[in-house]
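Participant: structure of the sequence below:
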Amino acid sequence: MNASFPLTDSFGRRIEYLRISLTERCDLRCAYCRPARPRSTSTDLLSTDDVVAIARAAVGLGVRRVRLTGGEPLLRADLIEVVRQMVALPGLEDLSLTTNAQDLASHAADLAAAGLRRVNISLDSLDPEVYAAITGGGRLDRVLAGIEAALEAGLSPVKVNVVVTSPEALGREQLSRFADLIRTRPLHVRFIEAMPTCGHAAYVPAQRLLHELSALGELTPVEGPDGGGPAQYYQLDGCEGTFGIITPISEPFCASCNRLRVTAQGDLLACLFSPAGVSLLPALRGGDPVSAVAAVICAVTAAKPRRYGDIAEPSGIVAMHVIGG
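Facilitator: Presented below is the predicted three-dimensional model:
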């Protein structure tokens, strides 16, 4: 490990980003995220103190960005307190949240007041019936209200994640609706190639995505809203916001991977496709949880693989609602 930066893996990648899943519970059931019959997820194993201790250990090692994920993190009753305590950690530069936004409209202002900086919102269709079918009954109007509430609360950037599961999802009318969404709003709509989770293996390659988007108008490559991450961003002529493309399948970005993940069960993963993680629970239940967790983080970082293909077949990935995306 590089002495100048504690969390440097054996391939020279600096690990500066941690995703923590707060819960496996979710009020939606997207096919690419949750299996048809998920295991019981009635108990969240990580307490508020656990989550903060994990973040404190990671930040002490050089992590600068933390994202709270799920499941649906808005289902955690202690979410505001988690945010409030985490933003107070010395050295943490960026705290963000991923949500399906079904209840974001009633939480955005409180989250911003607690110190949350930005938010990613899952939104796979702007057709109410299609959205409800994809999500197992989700309401599009609630997501749109959540987006407006996030903007009003000053959360920035607000990113909208669209997992493209079939070519039909890229119809001209549907893409035109997304263009309308960013035309007068500073939103960043990112189209993501569907990954082989929960048995879902279909995806639309990036070149197909770009071809369809270019039919809407002139696309100009631009820098992302936060200057980093795997997305390639484009400005569509006449729009305030941007489109982005994320290509985990056709153009993997493993060589620049800078992240670790903690599941809601307390397992630390070096890679999204890791067949198993290392439990942080023993470290959290000891007398010095921060130091103990830090030691586990260092060990897992040292063993981080070059790319996910070195670990397991993608078909073996655990459900996304367990990992936290």
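Participant: pLDDT below threshold where in this protein?
Facilitator: 1-4, 34-43, 169, 196-203, 227-228, 309-325 (pLDDT under 70).
Participant: kindly recompute the last result at 80.
Facilitator: Along the chain, segments meeting pLDDT under 80 span 1-5, 31-44, 165-171, 194-204, 206, 226-228, 273-276, 308-325.
Participant: would you map the helices across it?
Facilitator: 48-60, 79-87, 108-114, 128-135, 140-152, 172-183, 206-214, 281-284, 289-302, 320-323 (DSSP state H).
Participant: of these, which is nearest residue 263?
Facilitator: helix 320-323 (5.7 Å; C-beta to C-beta). (Glycine included, C-beta is placed from N, CA and C.)
Participant: one step back: got the helices of the chain as a markdown table, with distance to residue 163 and mean neighbour count columns?
Facilitator: Converted to a markdown table, the helices of the chain look like this (distance: least, C-beta to C-beta, whole Å; neighbours: other C-beta atoms under 10 Å):
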| stretch | distance to residue 163 | mean neighbour count |
| --- | --- | --- |
| helix 48-60 | 26 | 22 |
| helix 79-87 | 23 | 19 |
| helix 108-114 | 22 | 19 |
| helix 128-135 | 9 | 16 |
| helix 140-152 | 14 | 19 |
| helix 172-183 | 13 | 16 |
| helix 206-214 | 12 | 16 |
| helix 281-284 | 31 | 18 |
| helix 289-302 | 27 | 19 |
| helix 320-323 | 10 | 25 |
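Participant: okay, these in a markdown table with distance to residue 240 next?
Facilitator: A markdown table is the format used below for those (distance: least, C-beta to C-beta, whole Å):
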| stretch | distance to residue 240 |
| --- | --- |
| helix 48-60 | 33 |
| helix 79-87 | 28 |
| helix 108-114 | 20 |
| helix 128-135 | 23 |
| helix 140-152 | 11 |
| helix 172-183 | 7 |
| helix 206-214 | 16 |
| helix 281-284 | 44 |
| helix 289-302 | 39 |
| helix 320-323 | 31 |
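Participant: which among those is found nearest to residue 220?
Facilitator: Per C-beta to C-beta, nearest to residue 220 of these: helix 206-214, 10.8 Å.
Participant: show me what the closest one is packed against.
Facilitator: The contact analysis (3 or more C-beta pairs under 8 Å, 6 or more residues apart in numbering; DSSP states H and E) places helix 206-214 against helix 172-183, strand 187-193, strand 232-236, strand 242-246.
Participant: picking up where we left off before, looking at the helices of the chain, which is nearest to residue 239?
Facilitator: The nearest among these, by C-beta to C-beta, is helix 172-183 at 4.8 Å.
Participant: ok, and what's touching that closest one?
Facilitator: 125-127, 130, 160, 162, 187-189, 212-213, 215-217, 236, 238-243 (C-beta atoms under 8 Å, 6 or more residues apart in numbering).
Participant: are any of these buried, and which?
Facilitator: 125-127, 130, 160, 162, 187-189, 212-213, 216, 236, 239, 241-243 (16 or more other C-beta atoms under 10 Å).
Participant: now for the helices and strands packed on helix 206-214, which one comes closest to residue 225?
Facilitator: strand 187-193 (5.4 Å).
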